[in-house]
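In: Dropping a prediction and its sequence here:
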2 protein chains.
Amino acid sequence: MNRRQFVQSAASVAGAQAAAPASGTALCLNEDNSHWFFTRAGQVHTRESVASFVDQYAGTQVRELVLSANSQRTSFASKVWDPIWKGYDPQGSDDQPLFRSTTGEARVNARKWVHTAWSLAQQGIDPYAVWIERARKLRLSPWVSMRMNDLHNVDDPESYMHSTFWRQNPQFRRLPWRSVDWRDRAFDFAHDEVRAYHFRLVEEYLERYDIDGLELDWMRFGFHFRPGQEAAGGKLLTEFMRNTRRLADTWGKRRGHRIAIGARVPSRPQTAIDLGMDGALWAREGLIDLLVFTPFWASIETDMPVELWRRLAGDKVILAAGLELLLRPYHAYRPIPMNSIETVRGAAASLLQRGADRVYLFNYMDSQTQMPDAENYPALLRECGRLDTLAGKPRRHVITYSDTLAPGEPAAAQLPQTLSAGQWTSFRLHCGPRLRRAKVRMEVENGPLATVRANGQECTPSTAESGIKPGPQRGFVTWEMPEGAAGRVVLDVQARTAATIHWVEIAGA
Amino acid sequence: MNRRQFVQSAASVAGAQAAAPASGTALCLNEDNSHWFFTRAGQVHTRESVASFVDQYAGTQVRELVLSANSQRTSFASKVWDPIWKGYDPQGSDDQPLFRSTTGEARVNARKWVHTAWSLAQQGIDPYAVWIERARKLRLSPWVSMRMNDLHNVDDPESYMHSTFWRQNPQFRRLPWRSVDWRDRAFDFAHDEVRAYHFRLVEEYLERYDIDGLELDWMRFGFHFRPGQEAAGGKLLTEFMRNTRRLADTWGKRRGHRIAIGARVPSRPQTAIDLGMDGALWAREGLIDLLVFTPFWASIETDMPVELWRRLAGDKVILAAGLELLLRPYHAYRPIPMNSIETVRGAAASLLQRGADRVYLFNYMDSQTQMPDAENYPALLRECGRLDTLAGKPRRHVITYSDTLAPGEPAAAQLPQTLSAGQWTSFRLHCGPRLRRAKVRMEVENGPLATVRANGQECTPSTAESGIKPGPQRGFVTWEMPEGAAGRVVLDVQARTAATIHWVEIAGA
């Protein structure tokens, strides 16, 4: 079976009980483990009111609905890990011990999450089982995602989010000798006990839920070994993936359909390897069916090396390009911009053209954690998974950077760039399929710039633009691209006077 | 045939006329196209005096003697390209037109090169033919290397080094609209005429010389297409490599032995692809037998991703890790240090352990362009190609950076790093096989540092060291590593007071 056949048939193999989703490349949508519980708090829930959450994704390009069900605690009544409501007194005040270290709005949201999840458990409703069942009925492929090393709130050791196991075992942390960085307090998966503790939840997921696939989300938060121990550690994670694959195969036989395994790993292959997450090897070994390469969180990464992933991971795996909600030209950029449908279209068009089988939406939820142009959410779900539905629509290709680095790996970012008068510099970005009309936009401090060339062709100064969202408060300086743009574009830029460039993009249709 | 068998048998297949070189990993030595002519000027040469140059490499670990025979002109009497002496008047003064734009010592050396090459041609001696013959006799594998886009002196359009074709065809340059950077004046291989012009020299090499292999040196100087056109251009280079492979096969049949093809490409796979030099693809397609990944010139690159190259290029190609003579912690570091035998041992031990089949020495010649500790040249040739001969000898693993970037690719370097009081940072380096005794050395401006940990283990402050070559003028601050060091090492470093770190290495035995 070649990749195309596999990609088109994987869902039908996996979801044998239900009609197959539409063929072709499409979207994975990750629903995080708290969002629904926050945003649906204060209501009396029934199975139907829970299930109806899924309905909005029916008939869209969403193919895999990936339900994240735990951070350090689970949002369901786990028998092997602490549920999020452990220690919760439903009659108690907001100042009860569980929430005491959490303050302000965070405390309000915490209680909403905890209380909603607790209430459902009291009613005997497992929301994940309900969503999985509804997804199947609606021809969506239901997956569960397990966060493997979640570090939310670890700067507050008393936070309601933390597991007993994490609290009681500081000796299992990644940097037991330091705690200046939240990543220092991640679990160190070199310890047998840590891997065994996490495998118990893998077992529970496979036993508890009749899913098409189980994703191991190694990118929450992406640091699983002591600095310098990642090569040895990576072998342990590969073994962990082997055990997961084996167990999923066993359950697949019992359930009468294949249970796929997915993994989320860092955006660039060398960094993934250097952090012990050798997703390409896992794909080559047949341990995973879905490989998601992604930045962590600080920014969408628009120029991920899809072609290199394909070469390394082979043709049999479904390659998913992971998108995040924030969009920064560089890490210190302020205020932090967020993606809109036009910037998502840009990233999706480029990554799909470069060979991604899926666009994977992380933190693109239906409320709260969402695009500021929330009115475009239905369109996002119907356009951004396939090149044919993206064709001709306005889109923006924005230069960003990689937010995930192995320990000691030097950071690299194209922006900002400060030029002296007359100095040249270059920028590179990828524009996907041809934009017939296209322009270059830059945020320039001081300036002006003298010349902008795109792949050697001189661009024409155009009217400055302001008020574009996302976009710089000082607005854009803009050049028309007489020949449009396609694929890889290198911009050669010369400053007339001293200038600093903060933002670079190509926009068009 | 698996890789190991191939690696061990390649030389005997190629050099069927002579006894095979000793098996096992070893060295490639590149002799550049001017060095011999400069340094052996002013002598009356015979075939024997020419041939004897090769003798110093007999019985060493040098396996492929790679003779670079051209830049824009050839150092032999080419029938298809300009020889270096074109326009030379042997009776004329040093101020004759050929040398007029060249000044000072450069003019003296230019004339030495030109005159020596011209004299040999007058005598009917082709030095490359002589060296090839002698190499075979001495069980060395003779290769010729063709520089594909040499840019020495292009800031002086009148320089004696330039070809008529380059001078007369400015329209074939990479950036015809700009000439602020020497790379702007490289040939643009997108032009049919440029590829045809270069292929004529490929043809001549294969016809003229009975070699074991022909290397196409795409890293002199590494920029062959207009910015942004490298993806399309890369397909043209791949086709060029196919044509070269085909012609070499034809000549191999005539000569009764396989003629190998080699290529030099940038140090990191993505950058190589992004510059149109898809060496991994060439290896997978069987177009090349030897793949050299290398920095350009500004610094040796001690941490090249050998494992990633292997995965991408496959098991059938000989992977050679290219070393350069300079050694900089970062690009602006001054004065520019040069490698010594201890730093070469470090790089070689690491790169060989990571899977390189060869250590490829570029600019490690027997005089002038050489290690400052020239007395160690014989040892270099006898130690640095194999792990068993490196074992137990003092070596230094120095952090450097990548000097070759695709247009717009952001630079990344670990050094220098400026820390505020109490701030932590990390460095990563690779130390190859275990060093039983090891220490961390840093050049620290201001300071002191509070803590140094290696893979989590605390290091012990030791006596400061000065006078070490290569090394900083202000000397090293040193820590003992109680557990020694091996493979990947991450250093976690905390500043006590504000400090800038300029140099980081691990030294040991």
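Out: Great, that's in hand.

In: ok, how many other residues are close to the closest residue in space to A:Asp403 that isn't next to it in sequence?
Out: Take A:Asp403 and drop its neighbours on the chain: the residue closest to it by CB to CB, 6 or more residues apart in numbering or on different chains is A:Ala298, 3.9 Å away. Every residue, glycine included, has its C-beta placed from N, CA and C. By other CB atoms under 10 Å in any protein chain shown, the residues close to A:Ala298 number 19.

In: quick one: A:Ala298 and A:His331 touch, right?
Out: Yes: contact status for A:Ala298 versus A:His331: in contact at 6.2 Å, counting by CB atoms under 8 Å.

In: what residues are shared contacts of those two?
Out: Residues touching both A:Ala298 and A:His331 by CB atoms under 8 Å, 6 or more residues apart in numbering or on different chains: A:Asp403.

In: residues contacting the residue nearest to A:Asp403?
Out: Taking CB under 8 Å, 6+ apart as the test, what A:Ala298 contacts is A:324, A:326, A:328, A:331, A:403.

In: For chain B, see how far away the second one is.
Out: Which is A:Leu326. A:Leu326 is 19 Å from chain B, where distance means CB to the nearest CB, to the nearest Å.

In: pLDDT score assigned to that residue?
Out: pLDDT for A:Leu326: 98.

In: For beta bridges, what are the partners of it?
Out: A:Met338 (DSSP bridges).

In: neighbours around A:Asn243, how many?
Out: Around A:Asn243 there are 15 residues (other CB under 10 Å).

In: so it sits right up against A:Phe199, yeah?
Out: Yes: if you go by CB under 8 Å, A:Asn243 and A:Phe199 touch, sitting 6.5 Å apart.

In: Tell me the residues of the stretch 301-450 of chain A that contact chain B?
Out: Within reach of chain B by CB under 8 Å from any CB of the partner chain, the stretch 301-450 of chain A has these residues: A:305, A:307-308, A:311-312, A:401, A:406-414, A:424, A:426-429.

In: Next up, the contacts around A:Val444.
Out: Each residue near A:Val444 by CB under 8 Å, 6+ apart is listed here: A:477, A:499-502.

In: mind listing the helices for the stretch 1-150 of chain A?
Out: For the stretch 1-150 of chain A, applying DSSP state H, counting those that start in this stretch gives helices covering A:3-14, A:35-39, A:47-51, A:104-123, A:127-137.

In: follow-up on the earlier one: from the residues of the stretch 301-450 of chain A next to chain B, which land in strands?
Out: Counted as lying in strands by DSSP state E, out of these, are A:424, A:426-429.

In: Mind pulling up the pLDDT for the spatially closest residue to A:Val54 that is not a sequence neighbour?
Out: Residue nearest to A:Val54 in three dimensions, not counting chain neighbours: A:Arg134, with 4.3 Å by CB to CB, 6+ apart. We have a pLDDT of 98 for A:Arg134.

In: dump the residue contacts of A:Arg134.
Out: Contact analysis of A:Arg134 by CB under 8 Å, 6+ apart lists A:51-52, A:54-55.

In: Nearest to chain B among the residues you listed?
Out: A:Val54 (39.2 Å; CB to the nearest CB).

In: what does the model give whatever residue of the stretch 51-200 of chain A ends up closest to chain B for pLDDT?
Out: Per CB to the nearest CB, A:Val180 is where the stretch 51-200 of chain A lies closest to chain B, at 6.0 Å. According to the prediction, A:Val180 has pLDDT 91.

In: And for A:Phe6?
Out: Model confidence at A:Phe6 (pLDDT) stands at 42.

In: Quote the end-to-end distance of stretch A:401-419.
Out: End-to-end span of stretch A:401-419 (CA to CA, to the nearest Å): 20 Å.

In: and the stretch 151-300 of chain A, which residues reach chain B?
Out: Checking the stretch 151-300 of chain A against chain B by CB under 8 Å from any CB, the hits are A:175, A:177-178, A:180-181, A:226-231, A:269-270, A:273-274, A:280.

In: These in helices, which ones?
Out: Within those, residues falling in helices by DSSP state H are A:230-231, A:269-270, A:273-274, A:280.

In: By neighbour count, which of the contacts of A:Val444 wins?
Out: Using other CB under 10 Å as the neighbour test, the contacts of A:Val444 are led by A:Ile501, with 26 neighbours.

In: remind me which residues of chain A are low pLDDT?
Out: A:1-25 (pLDDT under 70).

In: What separation is there between A:Tyr209 and chain B?
Out: 35 Å.

In: Could you pull up phi and psi at that residue?
Out: Main-chain dihedrals, A:Tyr209, degrees, to the nearest 10: phi -120, psi 140.

In: need the contact list for it.
Out: Applying CB under 8 Å, 6+ apart to A:Tyr209 gives the contacts A:128-129, A:132, A:142, A:144.

In: same check, this time on A:Arg147
Out: For A:Arg147, the contact set (CB under 8 Å, 6+ apart) comprises A:33, A:68, A:70-71, A:217, A:220.

In: Swap in 6 Å and give it another go.
Out: Counting by CB atoms under 6 Å, 6 or more residues apart in numbering or on different chains, A:Arg147 touches A:70-71, A:217, A:220.

In: Could you export these as JSON lines, including neighbour count?
Out: As requested, those are exported to JSON lines (neighbours: other CB atoms under 10 Å in any protein chain shown):
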{"residue": "A:Asn70", "neighbour count": "26"}
{"residue": "A:Ser71", "neighbour count": "24"}
{"residue": "A:Asp217", "neighbour count": "25"}
{"residue": "A:Arg220", "neighbour count": "22"}
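
In: what's around A:Ala232, how many residues?
Out: Applying other CB under 10 Å, we find 14 residues neighbouring A:Ala232.

In: Next: A:Lys393.
Out: Other residues within reach of A:Lys393, judged by other CB under 10 Å, total 14.

In: again, but for A:Gln168
Out: Count around A:Gln168 with other CB under 10 Å applied: 10.

In: before we move on, what about A:Arg174?
Out: If you count neighbours by other CB under 10 Å, A:Arg174 ends up with 25.

In: hmm, back to that, go through the contacts of A:Ala298 and say which is closest to chain B.
Out: Among the contacts of A:Ala298, A:His331 lies closest to chain B (CB to the nearest CB), at 12.3 Å.

In: mind listing what the residue in the stretch 201-350 of chain A that chain B sits nearest to touches?
Out: The minimum distance from the stretch 201-350 of chain A to chain B, using CB to the nearest CB, falls at A:Gly228 (3.4 Å). Neighbour list for A:Gly228: B:455, B:488-490 [criterion: CB under 6 Å, 6+ apart].

In: which two of these lie the greatest distance from each other?
Out: Across those, no pair lies farther apart than B:Asn455 and B:Arg488, at 8.1 Å, counting by CB to CB.

In: Those two: which is more packed in?
Out: B:Arg488 (23 against 19).

In: is it true that the more buried one touches A:Ala231?
Out: Yes: with contact defined as CB atoms under 6 Å, B:Arg488 counts as touching A:Ala231 (5.5 Å).
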